[in-house]
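K.L.:
generate a structure from the sequence data that follows.
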Amino acid sequence: MLSGERKEGGSPRFGKLHLPVGLWINSPRKQLAKLGRRWPSAASVKSSSSDTGSRSSEPLPPPPPHVELRRVGAVKAAGGASGSRAKRISQLFRGSGTGTTGSGGTGGPGTPGAAQRWASEKKLPELAAGVAPEPPLASRATAPPGVLKIFGAGLASGANYKSVLATARSTARELVAEALERYGLAGSPGSGPGESSCVDAFALCDALGRPGAGAVGSGEWRAEHLRVLGDSERPLLVQELWRARPGWARRFELRGREEARRLEQEAFGAADGDGTGAPSWRPQKNRSRAASGGAALASPSPGSGSGPPAGSGGKERSENLSLRRSVSELSLQGRRRRQQERRQQALSMAPGAADTQIGPVDPGDFDQLTQCLIQAPSNRPYFLLLQGYQDAQDFVVYVMTREQHVFGRGGNSSARGGSPAPYVDTFLNAPDILPRHCTVRAGPEPPAMVRPSRGAPVTHNGCLLLREAELHPGDLLGLGEHFLFMYKDPRSGGSGPARPPWLPARPGATPPGPGWAFSCRLCGRGLQERGEALAAYLDGREPVLRFRPREEEALLGEIVHTAATGAGDLPPLGPATLLALCVQHSARELELGHLPRLLGRLARLIKEAVWEKIKEIGDRQPENHPEGVPEVPLTPEAVSVELRPLMLWMANTTELLSFVQEKVLEMEKEADQEDPQLCNDLELCDEAMALLDEVIMCTFQQSVYYLTKTLYSTLPALLDSNPFTAGAELPGPGAELGAMPPGLRPTLGVFQAALELTSQCELHPDLVSQTFGYLFFFSNASLLNSLMERGQGRPFYQWSRAVQIRTNLDLVLDWLQGAGLGDIATEFFRKLSMAVNLLCVPRTSLLKASWSSLRTDHPTLTPAQLHHLLSHYQLGPGRGPPPAWDPPSAERDAVDTGDIFESFSSHPPLILPLGSSRLCLTGPVTDDALHRELRRLRRLLWDLEQQELPANHRHGPPVTTPP
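P.N.:
Alright, predicted model coming up:
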């Protein structure tokens, strides 16, 4: 290193460049970040012969502080004395100042002596001055200068490539001039008129090839594709935007212009002859955007004061903007003949082109005209932009490259704790576009589906879209207040509707349905037509109930109040049907977050109505009667009247819960899984369904409570009554209730009343089975406990009494078998039957039996219950149980500590029905009572809507039609 280049206490020229210390410390190249380390020389960049001449030691003007030099990396020196490796950061732009060997070698052939400087070194001040004003364009517009290798392709002997300094603004023509100066084939800029002719004779080429099979660094190269860069193209941007595929490599070559065009034409001709088409970097005719996700490139603001000076900068700004808008819009030059043909085609499309003579066209204007020749894709769905937000950044065609296409604004991270931003296919920069605004799914088979995100303003054919809907070719899709697209699918082959649905209806067209009455007034219908359509909806039998969110509370309250009071003569499941219509309208027509709120309000109203009904029954049937007032037992008829409202609510709530579960599952499948409010909505739905579960549990508990309370007073007759009195003939299976013995009629009357009540209320079959299962469980436990209790005080366990009990029990089971409840009754009466069967064994046979044989024959009885029956069995005066009935020592503890009574707490649990709801919401309403209630609710909603309007805007009652 030269002693004159080092300052005291610091690195050479560090203060001259005004580089902040943190710039190099924060650089990703940590190995080059230490200030005390030595920087390799940039005098030769892996060249076969060094061509860096000696440079003057005058200091360079300092660049502004914001100019970063991070991209100017260290380059390897080839040859020279060891002193060349001691050069520091200042020598990346300067020479050694002398022509000694310490400079890294002499200049190349034809290069001047030590007084010559790089052209890039001369342009550094103006490059630094031109970078600052332009705002950041995806971190490219303000990129620092970088070293670009330009291969000479045999222009100079002994030199493989030359290194020039380039920025994102450097054009191909400027780099050709600098490279020629480095090769010694042109003078410095401004040397004379001969320089322009020299630059015109050469062109910068983008070569694509494969490295040779030799060793790394051997310099072997096998070029396969060549493209001539236009004079206005930016090679540094081309290198950054178009990356070579794995196994391929690219480089920039300096060739003669005629030779380069000949090679390019040969390459294009070979490609066209093979039928393979032009390479991927040929000029594109389409101006479409496929999966346009990525950082958008913004243009400089007019008032920022940046950019080139007036006069010569307007064209440069337009070319620069055209270059940066997308890769497909780079100005790529083809053959002159094809350019002229496309130029004439573009000019022929302009207004008045037939009356004017086509003259010479500026190449920049031709590039803009070719961009207007748009050819839509033929094998993928796409969106045609009808209205955008920024014409300079919006594209005309947005192609769907995936089956699911997401529109959105994007962002660095989402609002949920800095998690990665959601994937977006098409970025839209309007301020009212959400990060994930809308999703379109277009599978192989039509139709496509469009789903707006929560809170995203989306319109479908002019109507506000709140839920997922079908999207057909020709439909209009509006996103926010600015963007309007038309959906097209060339795969359908013209199978879409001949008339777009958003066009005004033709006079005399048939109304598409009840919702037609509530559409906009711009569809060409008269006032009379709208009135007739409204009347058809109000009196129609379609299972549809439309309402606005503000009318929801009044509507739900009216339905629940009608069901609670029993007004309207509704069918048994009428309230559930009307409430399900409300749920269906919310799930299909209203916003995503409305359904959870509606379910919560609905569940609370039902719970309050059921609780009030339970309090009314409790007041009429108190548990504790005042002293001196005898308790009047409930009759089957009275209990049926009391329990009818509760049984109706249990039946309706069960069907409504099944319907709600289906809609919640559909909502979960339809909703966007990345929606942050989805978990909250599901929690609200779970809370509402838990309230409905509680209503079912409560009504079931109260129903079986009053039924078992009635049975409690009738069951003792099965143990006390004699079915053989007065020589009556025993009824056979399937006999009527009146033909049964008098002692059995009260008990069977309760069972018959419960069976009729469940049938009239249309209770779910699973709940019917569980209701009678609980009644039979209670009857079995109550009779068995009574049997155990009666044998302790008086003689009761004897053969004659046991035969009467067995006969009564058989008659009850036969009657239940005829009612369709035989299987359930047999299962729950098994223990009582086993105990009665033991008592019916003849005395002689029973005396011969042992404990082990009796345990085997009567397995459902516990050791304590079996020992209790045997020990109190009446064998005759003065006779006790035989020793064979004594339990063994192994079961003695179970006999002594076991309980002989059945526990009522071991009843079977209530299991809610699974499966789809039995409510029918598809066909017309056939029940006249339900249709009348539906009409009444529709008119109620119409009146509520009219009350909000001014008096002069209200309409009279629509014309009614007979039901």
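K.L.:
work out for me the element residue 450 sits within.
P.N.:
Residue 450 belongs to strand 448-452 when assigned by DSSP states H and E.
K.L.:
what residues sit buried inside the next helix or strand along the chain from that strand?
P.N.:
Per DSSP H and E, the first helix or strand lying C-terminal to strand 448-452 is strand 458-460. By 16 or more other Cβ atoms under 10 Å, the buried positions in strand 458-460 come out as 458-460. (Glycine included, C-beta is placed from N, CA and C.)
K.L.:
pull up the pairing partners for the helix or strand just after strand 458-460, direction included.
P.N.:
Using DSSP H and E, the helix or strand that follows strand 458-460 in sequence is strand 463-464. For strand 463-464, the pairing partners within the sheet under DSSP bridges are strand 458-460 (antiparallel).
K.L.:
if we can go back for a sec, want to throw the buried residues of strand 458-460 into a markdown table with pLDDT and distance to residue 745?
P.N.:
Conversion of the buried residues of strand 458-460 to a markdown table gives the following (pLDDT from 0 to 100; distance: Cβ to Cβ, whole Å):
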| residue | pLDDT | distance to residue 745 |
| --- | --- | --- |
| 458 | 92 | 68 |
| 459 | 91 | 70 |
| 460 | 90 | 67 |
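K.L.:
so which of those would you say is closest to residue 210?
P.N.:
Nearest to residue 210 among the buried residues of strand 458-460 is residue 458, at 48.8 Å by Cβ to Cβ.
K.L.:
I figured that closest one hits residue 467, correct?
P.N.:
No. With contact defined as Cβ atoms under 8 Å, residue 458 does not count as touching residue 467 (10.4 Å).
K.L.:
now for the host helix or strand of residue 837, which elements pack on it?
P.N.:
For residue 837, the host element (DSSP H and E) is helix 830-839. Contacts defined by 3 or more Cβ pairs under 8 Å, 6 or more residues apart in numbering; DSSP states H and E place helix 830-839 against helix 765-793, helix 799-818, helix 863-871.
K.L.:
returning to that earlier point: shared neighbours, residue 458 and residue 467?
P.N.:
residue 452 (Cβ atoms under 8 Å, 6 or more residues apart in numbering).
K.L.:
convert the strand holding residue 450 to PDB, retaining C-alpha atoms only.
P.N.:
Coordinates of each C-alpha in strand 448-452 appear next as PDB, following Å, rounded to 0.1, in the frame of the first residue of the first chain:
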ATOM      1  CA  ALA A 448     -67.000 -21.500  -9.600                       C
ATOM      2  CA  MET A 449     -67.600 -20.300  -6.100                       C
ATOM      3  CA  VAL A 450     -66.800 -16.900  -4.600                       C
ATOM      4  CA  ARG A 451     -66.600 -16.300  -0.900                       C
ATOM      5  CA  PRO A 452     -66.000 -12.800   0.700                       C
END
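K.L.:
list the contacts of it.
P.N.:
Contacts of strand 448-452 (Cβ under 8 Å, 6+ apart): 381, 437-442, 458, 460, 465-472, 477, 487, 489, 670, 672.
K.L.:
and residue 205, what are its bridge partners?
P.N.:
Legend: beta-bridge partners of residue 205 under DSSP bridges are residue 228, residue 253.
K.L.:
which residues does it contact?
P.N.:
For residue 205, the contacting residues are 226-229, 252-255, 260, 264, by Cβ under 8 Å, 6+ apart.
K.L.:
how near is residue 890 to residue 867?
P.N.:
For residue 890, the distance to residue 867 equals 14 Å [Cβ to Cβ, to the nearest Å].
K.L.:
with neighbour numbers in mind, choose between those two.
P.N.:
residue 867 (24 against 8; other Cβ atoms under 10 Å).
K.L.:
which residues touch the spatially closest residue to that one that is not a sequence neighbour?
P.N.:
Excluding its sequence neighbours, the residue lying closest to residue 867 (Cβ to Cβ, 6 or more residues apart in numbering) is residue 895, at 4.7 Å. Taking Cβ under 8 Å, 6+ apart, we find residue 895 in contact with 863-864, 867, 887.
K.L.:
out of those, which one sits closest to residue 800?
P.N.:
Nearest member of the contacts of residue 895 to residue 800, counting by Cβ to Cβ, is residue 867, at 22.7 Å.
K.L.:
so what's that closest one up against?
P.N.:
885, 887, 895.
K.L.:
where's the last one, which helix or strand?
P.N.:
Same thing as residue 895. Per DSSP H and E: helix 892-897 holds residue 895.
K.L.:
show me where the stretch 501-650 of the chain has its helices.
P.N.:
For the stretch 501-650 of the chain, applying DSSP state H, counting those that start in this stretch gives helices covering 527-539, 552-565, 574-589, 594-620, 636-670.
K.L.:
can I get the ones you listed in JSON lines including mean neighbour count and distance to residue 792?
P.N.:
Shown next, in JSON lines, are the helices of the stretch 501-650 of the chain (neighbours: other Cβ atoms under 10 Å; distance: least, Cβ to Cβ, whole Å):
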{"stretch": "helix 527-539", "mean neighbour count": "17", "distance to residue 792": "72"}
{"stretch": "helix 552-565", "mean neighbour count": "17", "distance to residue 792": "49"}
{"stretch": "helix 574-589", "mean neighbour count": "22", "distance to residue 792": "51"}
{"stretch": "helix 594-620", "mean neighbour count": "17", "distance to residue 792": "36"}
{"stretch": "helix 636-670", "mean neighbour count": "20", "distance to residue 792": "32"}
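K.L.:
got a markdown table for those helices, with distance to residue 753 and mean pLDDT too?
P.N.:
Listed next are the helices of the stretch 501-650 of the chain as a markdown table, based on distance: least, Cβ to Cβ, whole Å; pLDDT from 0 to 100:
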| stretch | distance to residue 753 | mean pLDDT |
| --- | --- | --- |
| helix 527-539 | 40 | 79 |
| helix 552-565 | 22 | 94 |
| helix 574-589 | 23 | 93 |
| helix 594-620 | 16 | 94 |
| helix 636-670 | 4 | 92 |
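K.L.:
mind putting the ones you listed into TSV with distance to residue 709?
P.N.:
Formatted as TSV, the helices of the stretch 501-650 of the chain follow (distance: least, Cβ to Cβ, whole Å):
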stretch	distance to residue 709
helix 527-539	47
helix 552-565	24
helix 574-589	27
helix 594-620	11
helix 636-670	8
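K.L.:
which of the ones you listed sits closest to residue 376?
P.N.:
helix 636-670 (30.4 Å).
K.L.:
right, and the helix or strand after that closest one?
P.N.:
Next along from helix 636-670, by DSSP H and E: helix 678-712.
K.L.:
for the helix or strand just after that next one, what is the average pLDDT?
P.N.:
Once the chain leaves helix 678-712, the next helix or strand it forms, by DSSP H and E, is helix 717-720. The average pLDDT within helix 717-720 is 92.
K.L.:
which parts of helix 717-720 are buried?
P.N.:
Buried, per 16+ other Cβ under 10 Å, within helix 717-720: 717-719.
K.L.:
stretch 705-718 too?
P.N.:
Going by 16+ other Cβ under 10 Å, stretch 705-718 has these buried residues: 705-711, 714-715, 717-718.
K.L.:
just give me the closest of those to residue 388.
P.N.:
Nearest to residue 388 among the buried residues of stretch 705-718, with distances taken as Cβ to Cβ, is residue 705, at 68.7 Å.
K.L.:
who's in contact with that closest one?
P.N.:
Contacts of residue 705 by Cβ under 8 Å, 6+ apart: none found.
K.L.:
relative to residue 822, how far out is it?
P.N.:
25 Å.
K.L.:
please apply the same query to residue 492.
P.N.:
61 Å.
K.L.:
show me the shaky parts of the stretch 351-500 of the chain.
P.N.:
Along the stretch 351-500 of the chain, the model assigns pLDDT under 70 to residues 351-373, 410-421, 494-500.
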